[in-house]
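**Q** Structure, please.
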Amino acid sequence: MKNIVLIGMPGTGKSTVGVLVAKSLLMDFVDTDLLIQKEYSCSLCDIIEKEGIDSFIDIENRVIAKTQFTSSVIATGGSAVYGKEAMEKLSENGIVVYIKTPLRELEKRLKNIKTEN
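**A** Coordinates of the predicted model:
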């Protein structure tokens, strides 16, 4: 069975939808953000703060590209689409689904997230 790969903006519901789809199709669920956190033993925010966003995108690309996915629903991080090798890997045995959410809804969902410059 092909993987189902969910892409979209942060806060669009990839993980929430992914769990539900995986349950209904009896597939595994993988959140690529959690794969990165597990490998680096710290939060994504800490990685970005220490390494910078460009390095984080490289890390995300490398982690996804090296991971084997089988019969899984995969929720990617919002920046995964910037990783060429990651997207090639995810597309080779997966159906990529873009989840689109209106900006106003994203603003509501993300209003409590704080970022520092």
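
**Q** tell me which residues of the lengthiest helix in the chain are tucked away?
**A** Assignment by DSSP state H gives helix 53-66 as the longest helix of the chain. Buried residues in helix 53-66, counting neighbours by 16 or more other C-beta atoms under 10 Å, are found at 56-57, 59-61, 63-64. C-beta coordinates here come from the backbone N, C-alpha and C atoms, glycine included.

**Q** just checking, what packs against that helix?
**A** With contacts taken as 3 or more C-beta pairs under 8 Å, 6 or more residues apart in numbering; DSSP states H and E, helix 53-66 sits against helix 32-40, helix 44-51, helix 84-92.

**Q** ok, then the element right after that helix?
**A** strand 72-75 (DSSP states H and E).

**Q** List the strands paired with that next one, with their directions.
**A** strand 3-7 (parallel), strand 28-31 (parallel) (DSSP bridges).

**Q** Could you say which of those strands is packed most deeply?
**A** strand 3-7 (a mean of 23; mean count of other C-beta atoms under 10 Å).

**Q** so who does Leu90 touch?
**A** Contacts for Leu90 (C-beta atoms under 8 Å, 6 or more residues apart in numbering) come out as 3, 5, 64, 69, 74, 76, 80, 96.

**Q** so can I have a markdown table of these showing pLDDT and distance to Lys23?
**A** Formatted as a markdown table, these follow (pLDDT from 0 to 100; distance: C-beta to C-beta, whole Å):
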| residue | pLDDT | distance to Lys23 |
| --- | --- | --- |
| Asn3 | 98 | 16 |
| Val5 | 98 | 17 |
| Ile64 | 98 | 23 |
| Phe69 | 97 | 17 |
| Ile74 | 98 | 15 |
| Thr76 | 98 | 19 |
| Ala80 | 96 | 22 |
| Val96 | 98 | 20 |
